[in-house]
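Next comes the sequence, and after it the predicted model I'd like to discuss.
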Amino acid sequence: MRQVYHLVRKEFRQIFRDKTMIVILFVVPFIQLIILGNAISTDVKHTSLLIMDQDGTPMSRELSRAFMHSEYFDVVGFETEYSVVHEAMDEGKAKLVLVLPSGFQRDVVRGMQPAVQLLVDGVDGNSAGVALGYVMRILQERQVTLATSDPSLAGLLRDPAALQAESRYWYNPRLESRVFIIPGIIALILLIITVFLTSMGIVREKEIGTLEQLMVTPIRAWQLIMGKVIPFSILGMLEIGVAMSLVYVLFGIGVEGSVPLLFAQSALFVLTTLGVGIFISTISETQQQALFVGWFFMIFAILLSGFFIPIANMPEAIQYLTYANPLRYFLVILRDIYLKGTPLSYIWQESIALALFGTVVFSAAVLRFRQRLG
């Protein structure tokens, strides 16, 4: 192993001698983590809301104030004419319009269950659906408030407080989307760093001629491969360790489960990504080619991993295709250990799938690399 040790030293010196590589390794990933961790969110807040109060009674004004005090909506105005409402929707000034009809308070007092109209901008269907759910929640809370504040209205409003469901959310009590997304960003950073560093690092040596110089030295092919793989493996594990620390400091999200188990599963994933990187290096002649091939793999891996779109929502044929994506398994493992504290006994299926996939990919890539060296 003495030859491997010297190759590893040479790789680390070559990596840290390049200032651009240092920036890619230790600056870019954490800038991505900070920006994406704050930018990517499925929470729908500050939706522009226009209120059309045709009743003008204390009850309608009280309902309007309930929306004004909500963090989910920004009330952009109060109108009484439909023509202004249409104009605001067309120009994009309001994404949601709440129409309180004339006779709203009178119908409430008489127990006639008045209808409230909601006009929703449905261009972004997901955000529209979430915002509509927030509206319904506020309306239900207001109904309960009316019933409890005025006993005479309790029966007329069908006593909504008679049967209540108390919800308790585990693992993410405040239902913050960043708690779900940020562990996934750690996986993406690990994927990008290991694939790009391995593929472009080897191709770069081809371009400058140092790989050919190594091939004529009295070292074996497996020693050369180990000398290339070990440094990138160490850097990958260092990346995830620093990323975990940064996530805890910046976002207050710590690992609920076993940290050694998390690192062991990350090592399996790194095995896969290094195999992909080596394979890309064998089919690329220049760093530009390696960059394009690596980027193509990234798009496939990210979009079909369940990071943005749940796999269950994909067409059935695409769902079968996701089984060939190692990031699919690692996201499940990472989120379960990170957020739930899940032990190995509950994620062994994903672990075996990831280990088998990584072994096959890494072995095939190494064989092709050896053939290329030959």
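Nice, I can see it. Just so you know, these numbers come straight off a predicted model, no measurement behind them.

how near is residue 109 to residue 145?
Distance, residue 109 to residue 145, by Cβ to Cβ, to the nearest Å: 15 Å. Quick note: C-beta positions are derived from backbone N, CA and C, even for glycine.

now residue 330
46 Å.

what's the burial count for residue 115?
A count of nearby residues for residue 115, using other Cβ atoms under 10 Å, gives 9.

do the same with the one 4 residues further on
One way to gauge burial is a neighbour count; for residue 119, by other Cβ under 10 Å, it gives 18.

pLDDT wise, what is it at?
Looking at residue 119, its pLDDT reads 85.

Scan the helices and strands of the protein for the one with the lowest mean pLDDT.
Least confident helix or strand, the chain: helix 151-154 with a mean of 56, by mean pLDDT, DSSP states H and E.

Surely residue 134 and residue 44 touch.
Yes: with contact defined as Cβ atoms under 8 Å, residue 134 reaches residue 44; the gap is 7.2 Å.

who touches both of these two?
Common neighbours of residue 134 and residue 44 are listed as residue 72 (criterion: Cβ atoms under 8 Å, 6 or more residues apart in numbering).

Of residue 330 and residue 145, give the one with the bigger neighbour count.
residue 330 (30 against 15).

Hmm, residue 262 and the more buried one touching each other?
No: between residue 330 and residue 262 no contact is recorded; they are 10.7 Å apart, counting by Cβ under 8 Å.

Find the centremost residue of the chain, please.
residue 181 (3.4 Å; Cα atoms, centre = their mean).

Does anything pack onto the helix or strand encompassing that one? Which helices or strands?
For residue 181, the element it lies in under DSSP states H and E is helix 177-208. Counting contacts by 3 or more Cβ pairs under 8 Å, 6 or more residues apart in numbering; DSSP states H and E, helix 177-208 is packed against helix 19-26, helix 28-39, helix 210-215, helix 221-251, helix 259-283, helix 287-303, helix 326-335.

How about residues contacting the first one?
Meaning helix 19-26. Contacts of helix 19-26 (Cβ under 8 Å, 6+ apart): 15, 16, 193, 196, 197, 235, 239, 242.

low pLDDT regions in the stretch 251-374 of the chain?
Applying pLDDT under 70 to the stretch 251-374 of the chain flags residues 372-374.

The spatially closest residue to residue 220 that is not a sequence neighbour: neighbour count?
Nearest residue to residue 220, sequence neighbours excluded (Cβ to Cβ, 6 or more residues apart in numbering): residue 3, at 7.9 Å. Residues near residue 3, counting by other Cβ under 10 Å, number 15.

cool, and residue 304?
Residue 304 has 21 neighbouring residues, counting by other Cβ under 10 Å.

pretty sure it contacts residue 318?
Yes: here residue 304 reaches residue 318: they are 6.9 Å apart, a contact under Cβ under 8 Å.

and stretch 194-205, which residues are buried?
Residues of stretch 194-205 classed as buried: 194, 195, 196, 197, 198, 199, 200, 201, 202, 203, 204, 205 (neighbour count, 16 or more other Cβ atoms under 10 Å).

May I see those residues organised as CSV, with pLDDT and distance to residue 81 added?
As requested, the buried residues of stretch 194-205 are arranged in CSV below (pLDDT from 0 to 100; distance: Cβ to Cβ, whole Å):
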residue, pLDDT, distance to residue 81
194, 86, 60
195, 88, 58
196, 83, 57
197, 80, 61
198, 82, 64
199, 83, 62
200, 79, 61
201, 74, 66
202, 76, 68
203, 80, 65
204, 77, 66
205, 75, 71
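
List the buried residues in the helix or strand hosting residue 67.
With elements taken from DSSP H and E, the one containing residue 67 is helix 58-68. Residues 59, 60, 63, 64, 67 are the ones in helix 58-68 that count as buried (16+ other Cβ under 10 Å).

ok, of those residues, which one's closest to residue 367?
Nearest to residue 367 among the buried residues of helix 58-68 is residue 67, at 63.6 Å by Cβ to Cβ.

Check that closest one and give its pLDDT.
On pLDDT, residue 67 comes in at 87.

cool, the one 3 residues further on as well?
Each residue has a pLDDT score; the one for residue 70 is 84.

Spatially, what comes nearest to it if we skip its sequence neighbours?
Nearest non-adjacent residue to residue 70, counting by Cβ to Cβ, 6+ apart: residue 138, 6.2 Å away.

ok, now residue 115?
Excluding the flanking residues, the one nearest residue 115 by Cβ to Cβ, 6+ apart is residue 101, at 7.0 Å.

likewise residue 219?
Counting by Cβ to Cβ, 6+ apart, residue 3 is the residue found nearest to residue 219 once chain neighbours are left out, at 5.0 Å.

for residue 353, same thing?
Excluding its sequence neighbours, the residue lying closest to residue 353 (Cβ to Cβ, 6+ apart) is residue 329, at 5.1 Å.
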